[in-house]
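Chemist: sequence-free structure coming up:
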């Protein structure tokens, strides 16, 4: 006599009866007749060689063996569901989840402008955002902890694919009573001998600001390093000093401060180039490229500012 092979359907019947403790309700939840469910469960017990349920006229109880097997049955079906989800997401990446890394001096100011369009274009996508400093994001990208990362150039080596997204200008933020605050625009050379408030080590914005300092003859203000861009903004408002701010960080919905004067630079203005990076080995290459295109559609007005 050929031995029956256990299948997922029988495990579902088993779990349904264990949950409902009633043959009729279990059968209904599985969309089969009660005799069909009862017959298949008897066959399952025969294959396993144990009794799973104590059957009484008005009571159904799991046996000790049934209790143990139930736990594994649930785990087996959960594993199958995960495999089905992986397959579904591979076939339909727009309904999957994706982990996107972004650094702190960009994320809060960029995302409000792109998330609505991403939700409209990919309504079933679960976008999981990871905000970390650049070095950590690169490590997470290499190890597979995130799927892609939005970083400032130059950021990583040639083991990653990249898509250029946009170029973001810097503006000078200074207190209202600063000698330069009377100007409408600023030449880079006018920063010579100025001392800028900068972020602490590890922020890519710090390195970008130091590059501007090197080009203009400015230097870092000693005795202070901020932990966040918002701290820099508050220090400028308090009259402590001047700093560079990325253009997106001074655009709505960020509120204007009455105590800060913002000056755009004359051309050639200092800028930073922002790109999307992902692993060359990623099976989601086409989808990540399509996602990246949503960041390329920002209006030009976000990167322009009239002197205040």
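Modeler: Alright, I've got the coordinates. These numbers were taken from a predicted model, which means no experiment stands behind them.

Chemist: any chance you could map the helices in the stretch 51-200 of the chain?
Modeler: Counting by DSSP state H, counting those that start in this stretch, residue ranges of the helices within the stretch 51-200 of the chain are 64-91, 107-121, 134-143.

Chemist: name the helices or strands packed onto the longest one?
Modeler: The reference is to helix 64-91. Using 3 or more CB pairs under 8 Å, 6 or more residues apart in numbering; DSSP states H and E as the contact criterion, the neighbours of helix 64-91 among helices and strands are helix 8-20. Glycine gets a C-beta too; all of them are placed from N, C-alpha and C.

Chemist: what's residue 96 sitting at in phi/psi?
Modeler: Geometry field for residue 96 lists phi and psi as phi -90, psi -180, criterion degrees, to the nearest 10.

Chemist: my read: it touches residue 126, true?
Modeler: Yes. Residue 96 sits in contact with residue 126 when judged by CB atoms under 8 Å, with a separation of 7.1 Å.

Chemist: compare the two and say which is more crowded by neighbours.
Modeler: Neighbour totals were compared for residue 96 and residue 126, and residue 96 leads with 19 against 11 (other CB atoms under 10 Å).

Chemist: quick one on the thing from earlier: just name the most buried of the helices of the stretch 51-200 of the chain.
Modeler: With neighbours defined by mean count of other CB atoms under 10 Å, none of these is more surrounded on average than helix 134-143, at a mean of 18.

Chemist: residues in contact with that helix: which ones?
Modeler: Contacting residues not belonging to helix 134-143 are listed as 101-103, 130, 132, 146, 148-149, 151-152, 155-156, 159-160, 202-204, 277-279 [CB atoms under 8 Å, 6 or more residues apart in numbering].

Chemist: tell me who's in contact with residue 196.
Modeler: Taking CB under 8 Å, 6+ apart as the contact definition, residue 196 lies against 209, 213, 218-221, 241-244.

Chemist: out of those residues, which sit inside helices?
Modeler: Judged by DSSP state H, the contacts of residue 196 include 209, 213 as members of helices.

Chemist: which among the contacts of residue 196 end up buried?
Modeler: Burial by neighbour count, 16 or more other CB atoms under 10 Å: within these this picks out 209, 213, 218-219, 221, 241-244.

Chemist: what's the neighbour count on the closest residue to residue 240 other than its chain neighbours?
Modeler: The shortest distance from residue 240 to any residue that is not its chain neighbour, by CB to CB, 6 or more residues apart in numbering, is 6.6 Å, and that residue is residue 197. A count of nearby residues for residue 197, using other CB under 10 Å, gives 21.

Chemist: pretty sure residue 197 sits against residue 222.
Modeler: No. Counting by CB under 8 Å, residue 222 is not a contact partner of residue 197; they are 10.5 Å apart.

Chemist: spell out which residues make up each domain of this structure.
Modeler: The chain resolves into domains spanning 8-91, 93-165+273-303, 167-271 when parsed by automatic domain parsing.

Chemist: so how far is the last one off the chain centroid?
Modeler: Going back to what we said before, that points to domain 167-271. 28 Å (CA atoms, centre = their mean, to the nearest Å).
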